[in-house]
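Asks: what's the 3D shape of this:
(one chain, ligands or ions: 2)
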Amino acid sequence: MSIDINSLFHDLINALKLNLTGTELVSADEYLSKTRLENASGSGGEREHRILQPLWDLRLGREEYLRSPLFPVVLSVVFYFSFCTPFMIVDLFGRKWNWIQKFKIQNNLDVTWAQVYDTLSLTFWNHVLYILPAAIAQLVWTPPTPLPEIAPTLFEFIWQQVACLVIFDLQYYVWHWSHHRIRFLYKTIHGVHHRYHSPFCWVTQYLHPWELITVGFLTTTNSWFFNCHCLTTWSYMLLSIVVSVEAHIGFDFPFCMNNWFPFGLVGGAPKHDMHHLKPMTNFQPFFNHWDKLFNTFCPAMKAGGVKPPNLLEYERKQREAKKMN
Ligand SMILES: [Zn+2]
Ligand SMILES: [Zn+2]
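Replies: Ligands and ions are numbered 1, 2, ... in the order given. Prediction:
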């Protein structure tokens, strides 16, 4: 009896997608004829009202590359390395640039070449051993990405990305909490990420392969819940990278999201820096609400290593609780 791996894998992906979105995957031929039909019906007045249409029209002439299942992988990898590089330059060459160093959170610690080498080595091997084979599997087994003629509406583009981020934030909170509470999971998996108490950009993907696979799986499948337009999906992937790297840069820059979202909604680098210092607090990666609700929130240190009154009060209470025990 022979098993057709190709159709088995396709059926598995199909079942997953069908469960999440009610949308069935199609073969490459079905897809192309479907797209041709959508393209034919999508021309005309509707596209003129979409703010994102000029951006989406940049795809014209590049469809062959954009349709490839490899495109999202290449986009994410290239974006991750490009986005981290300026922060690495600041860490290694900007130690005397006071105008930038005044924003460093743990300002008593410098990033060394050895640390950069160590983090980049693990990142490189994770890419070679896990991301590359996953990308090749996608290339072989998944159909080309449908490229509709019409861009998503701006409203749809924004709310779907926010929704994906909010869902990921909860999923990771639960995963993260359990990987700290269960000693075995911490020691074998998540502890790898905690080798650095003072995070810098490359610590973002300094992960055990299982954590890397989990994060990649959750990020990819969350956009299936809403049957997102591919422009929305790709933008969400980049947004996830931006917020994850921002949480690890070790600087509290005025332009970071935690400084321009109101009501302390976003945690950002100060909050996640505190998680690396006090690992049993601040499990939520992007926002603060679940940490506050479940009493795992610890106030963050500010730029220049300044401890605000709420952090001093938190530490005083912790000391008192320890004495009582
Ligand atoms: Zn971290
Ligand atoms: Zn952790």
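
Asks: Now the residue most central in space within the chain: closest residue in space, sequence neighbours ignored.
Replies: Nearest residue to the geometric centre of the chain (C-alpha atoms, centre = their mean): S240, 3.1 Å. Distance criterion C-beta to C-beta, 6 or more residues apart in numbering; nearest residue to S240, sequence neighbours excluded, is T219 at 5.2 Å. (C-beta placed from N, C-alpha, C; glycine too.)

Asks: thought the one you found was touching W234?
Replies: No. T219 is beyond contact range of W234, at 11.7 Å (criterion: C-beta atoms under 8 Å).

Asks: which of the two has more neighbours?
Replies: T219 (22 against 19; other C-beta atoms under 10 Å).

Asks: secondary structure element for that one?
Replies: Following DSSP states H and E, one finds T219 within helix 209-222.

Asks: what's that helix packed up against?
Replies: helix 154-181, helix 230-248 (3 or more C-beta pairs under 8 Å, 6 or more residues apart in numbering; DSSP states H and E).

Asks: between the ones you listed, which gets nearest to E315?
Replies: With C-beta to C-beta, the closest approach to E315 among the helices and strands packed on helix 209-222 belongs to helix 154-181: 19.6 Å.

Asks: Any regions of the chain where pLDDT drops low?
Replies: 1-48 (pLDDT under 70).

Asks: try 50 this time
Replies: Residue ranges of the chain with pLDDT under 50: 1-29, 31-43.

Asks: what about E64, distance to S244?
Replies: 30 Å (C-beta to C-beta, to the nearest Å).

Asks: Give me whichever of the helices and strands packed on helix 209-222 is most buried.
Replies: Among the helices and strands packed on helix 209-222, helix 230-248 has the highest mean neighbour count (mean count of other C-beta atoms under 10 Å), at a mean of 21.

Asks: Just the CA atoms of it, as CSV, please.
Replies: This file holds the C-alpha atoms of helix 230-248, laid out as CSV (Å, rounded to 0.1, in the frame of the first residue of the first chain):
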residue,chain,number,x,y,z
CYS,A,230,-3.0,38.6,1.7
LEU,A,231,-2.0,42.3,2.0
THR,A,232,-3.4,42.3,5.5
THR,A,233,-1.7,38.9,6.3
TRP,A,234,1.7,40.1,5.2
SER,A,235,1.3,43.4,7.0
TYR,A,236,0.3,41.6,10.2
MET,A,237,3.4,39.4,9.9
LEU,A,238,5.6,42.5,9.7
LEU,A,239,3.7,44.1,12.5
SER,A,240,4.3,41.1,14.7
ILE,A,241,8.0,41.3,14.0
VAL,A,242,8.0,45.1,14.8
VAL,A,243,6.3,44.6,18.2
SER,A,244,8.4,41.6,19.2
VAL,A,245,11.7,43.2,18.3
GLU,A,246,10.5,46.5,20.0
ALA,A,247,9.9,44.5,23.2
HIS,A,248,13.5,43.3,23.1
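
Asks: tell me the angle of it relative to helix 209-222?
Replies: Interaxial angle, helix 230-248 versus helix 209-222 (axes from the mean of the first three to the mean of the last three C-alpha atoms, to 10 degrees): 140 degrees.

Asks: now for helix 230-248, which elements pack on it?
Replies: helix 71-93, helix 154-181, helix 209-222, helix 268-277.

Asks: Turn those helices into CSV, including distance to T119.
Replies: Shown next, in CSV, are the helices and strands packed on helix 230-248 (distance: least, C-beta to C-beta, whole Å):
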stretch, distance to T119
helix 71-93, 10
helix 154-181, 19
helix 209-222, 13
helix 268-277, 13
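
Asks: Figure out which of those helices is closest to P309.
Replies: Taking the helices and strands packed on helix 230-248 one by one with C-beta to C-beta, helix 268-277 is closest: 14.7 Å.

Asks: Which elements pack onto that closest one?
Replies: helix 230-248, helix 257-260.

Asks: Contacts only, for S178.
Replies: Residues in contact with S178 (C-beta atoms under 8 Å, 6 or more residues apart in numbering) are L185.
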